[in-house]
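A.B. asks: Would you be able to build a 3D model of this:
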Amino acid sequence: MSDNLFDINVGNFSFRNPIALAPMGGITNSTFANERANDAGLVILGGYNLDSATQKAAAEMVTRGRKEFETHEPFKIIENEIKAVNKGPVIGINVRSSKIAPLIKTAELVKNAGAILELDAHCRQQEITDVGAGQALLSDLPKLSEWISRIKETGVVLSVKVRANVVDDIELVQVIEAAGADILHLDAMKEGSGADLKLIKEVRDSTRMFLICNNSVTDVETAKNMFSRGAEMVSVARAVMDEPEIISQLVNRISMQQEDMGWYNAPKHVCRGEGDLRGLAFCCLPVKPCPVHNVIGKLGYSAQEFADIKNEFAKGTMLEYGDSTCFGSLVWCCKISKPCFLRDGVLETLGLSDSEYMRLKKELADYIIDQAKKPVNAKA
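C.D. replies: Have a look, this model is predicted:
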């Protein structure tokens with residue numbers, strides 16, 4: 001598959017595909033990544049413990065049987081590990097610390113090495129949270145916000161990994177974004193099993209940060225479910241240990257979908273109650289009672305303004321055509337995966353492929369959100 005198939009960028013980084021290897025303490029190092037995630041778009045190594053408090057905590061965790069990276073030379077290890085990863089995927093480094101100074105030092109090192117830094121606000125092991133690191137940061141949002149802001153002063157591209165359903169998720173996301181983080185790495189964990197797909201949609205609708213979603217990504221269907229709720233990338237963790245080829249399999253399947261459809265993470269339809277704000281690109285003209293009215297209200301649009309903004313985008317594009325469709329142009333037509341002989345007849349007449357149509361719809365979705373009167377990340 002071509003490395004140029006996807007147009008996925010954050011800061012100065014371009015990801016060749018939307019599949020990532022998630023960090024797993026004591027497991028995800030360069031050797032593991034090279035063996036099992038060589039095809040990934042992103043590999044996140046770690047978590048690495050940067051200061052004496054987290055290093056001691058890791059040692060205590062090892063004594064009770066957990067795997068952890070134990071070293072008193074974390075900066076040297078991180079520098080060497082970045083160099084040891086095979087060329088291809090972007091590299092991220094997941095780190096924990098009870099103090100800000102080691103995080104600043106690591107951010108500078110990681111930036112100079114051409115990698116992404118990931119702040120671990122996710123680890124829930126008591127030894128780590130007792131020293132104020134990992135998931136403990138979710139309970140101290142002023143501290144988390146300050147740390148993110150200070151880390152970003154180095155110029156590093158910053159991801160923050162968090163666990164869902166621990167605190168008010170939307171407030172958390174907005175604090176992280178306001179502080180300047182570039183990427184939100186969301187473990188969409190919920191009680192029971194499987195990922196919290198409803199939350200992923202809600203998070204997507206509350207932020208413009210690049211969104212990586214994690215939890216129970218074991219096959220292409222679980223990945224697609226996350227993509228259709230707004231994830232721009234999914235990360236795979238424990239499944240890689242059970243099935244070494246899963247990342248290559250996911251890359252191949254999602255690449256095929258991108259070639260066929262042109263929008264690998266296209267949202268579900270809004271009228272079904274599952275589509276995020278991007279799904280407005282597929283909505284009909286709002287002339288009757290429909291969930292679209294509530295959704296466009298989140299962006300500050302009236303029904304007329306929404307109609308005007310879609311028609312404005314359509315001018316001069318292939319979406320302007322389609323007199324024989326339900327509402328007179330392709331701009332009002334649905335997702336290509338939904339059968340429609342009227343839409344498909346127009347596409348055939350225009351010589352517009354499914355993927356070209358969907359790429360235009362993606363541009364339309366971005367335009368609708370960018371032109372909104374009420375920003376996506378505005379507090380309610």
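A.B. asks: quick one: the helices in the stretch 51-200 of the chain?
C.D. replies: 52-63, 74-84, 100-112, 126-129, 141-152, 169-179, 197-204 (DSSP state H, counting those that start in this stretch).
A.B. asks: which other helices and strands contact the longest one?
C.D. replies: Translated: helix 100-112. helix 74-84, strand 90-96, strand 116-121, helix 141-152 (3 or more C-beta pairs under 8 Å, 6 or more residues apart in numbering; DSSP states H and E). For glycine as for every other residue, the C-beta is placed from the backbone atoms N, C-alpha and C.
A.B. asks: Please render the ones you listed as a markdown table that adds distance to residue 259 and mean neighbour count to the earlier fields.
C.D. replies: Shown next, in a markdown table, are the helices and strands packed on helix 100-112 (distance: least, C-beta to C-beta, whole Å; neighbours: other C-beta atoms under 10 Å):
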| stretch | distance to residue 259 | mean neighbour count |
| --- | --- | --- |
| helix 74-84 | 31 | 17 |
| strand 90-96 | 22 | 26 |
| strand 116-121 | 27 | 26 |
| helix 141-152 | 36 | 17 |
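A.B. asks: Between these, which one is closest to residue 198.
C.D. replies: strand 116-121 (21.8 Å; C-beta to C-beta).
A.B. asks: which neighbours does that closest one have in its sheet, and in what orientation?
C.D. replies: strand 90-96 (parallel), strand 158-163 (parallel) (DSSP bridges).
A.B. asks: coming back round to it: ok, which of the helices of the stretch 51-200 of the chain comes nearest residue 319?
C.D. replies: helix 197-204 (23.1 Å).
A.B. asks: hang on, the earlier thing: export the helices of the stretch 51-200 of the chain to CSV and tack on distance to residue 369 and mean pLDDT?
C.D. replies: Shown next, in CSV, are those (distance: least, C-beta to C-beta, whole Å; pLDDT from 0 to 100):
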stretch, distance to residue 369, mean pLDDT
helix 52-63, 39, 96
helix 74-84, 35, 98
helix 100-112, 30, 98
helix 126-129, 36, 97
helix 141-152, 24, 98
helix 169-179, 15, 97
helix 197-204, 11, 96
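A.B. asks: a markdown table please, covering those helices and showing distance to residue 358.
C.D. replies: Formatted as a markdown table, the helices of the stretch 51-200 of the chain follow (distance: least, C-beta to C-beta, whole Å):
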| stretch | distance to residue 358 |
| --- | --- |
| helix 52-63 | 45 |
| helix 74-84 | 36 |
| helix 100-112 | 35 |
| helix 126-129 | 43 |
| helix 141-152 | 34 |
| helix 169-179 | 27 |
| helix 197-204 | 18 |
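A.B. asks: pLDDT weak spots in this structure?
C.D. replies: 1-3, 377-380 (pLDDT under 70).
A.B. asks: If we use 90, what do you get?
C.D. replies: Counting by pLDDT under 90, the chain has low-confidence residues at 1-4, 191-194, 271-274, 287-291, 373-380.
A.B. asks: Count the residues that sit near residue 6.
C.D. replies: Residues near residue 6, counting by other C-beta atoms under 10 Å, number 21.
A.B. asks: so how far is residue 56 from it?
C.D. replies: 42 Å (C-beta to C-beta, to the nearest Å).
A.B. asks: now residue 374
C.D. replies: Counting by C-beta to C-beta, the separation of residue 374 from residue 56 is 47 Å.
A.B. asks: repeat for residue 290
C.D. replies: 57 Å.
A.B. asks: just residue 323 next, same as before
C.D. replies: 71 Å.
A.B. asks: For these two, indicate the residue with more neighbours.
C.D. replies: residue 56 (14 against 7).
A.B. asks: mind checking how far residue 284 is from residue 254?
C.D. replies: Note on residue 284: its distance to residue 254, by C-beta to C-beta, is 29 Å.
A.B. asks: between those two, which one's more packed in?
C.D. replies: Each of residue 284 and residue 254 has its neighbours counted (other C-beta under 10 Å); residue 254 has more, 24 against 16.
A.B. asks: for the more buried one, what are its contacts?
C.D. replies: Neighbouring residues of residue 254 by C-beta atoms under 8 Å, 6 or more residues apart in numbering: 17-19, 220, 223, 227, 264.
A.B. asks: All the strands of the chain, in order from the start?
C.D. replies: Assigned strands in the chain, in chain order: 8-10, 13-15, 19-21, 42-49, 90-96, 116-121, 158-163, 183-187, 210-214, 233-236 (criterion: DSSP state E).
A.B. asks: Ok, which of the helices and strands packed on helix 100-112 comes nearest residue 310?
C.D. replies: strand 90-96 (34.6 Å).
A.B. asks: thinking again about what came up before, for residue 165, find the nearest of the helices and strands packed on helix 100-112.
C.D. replies: Closest to residue 165 of those, according to C-beta to C-beta: strand 116-121, at 14.1 Å.
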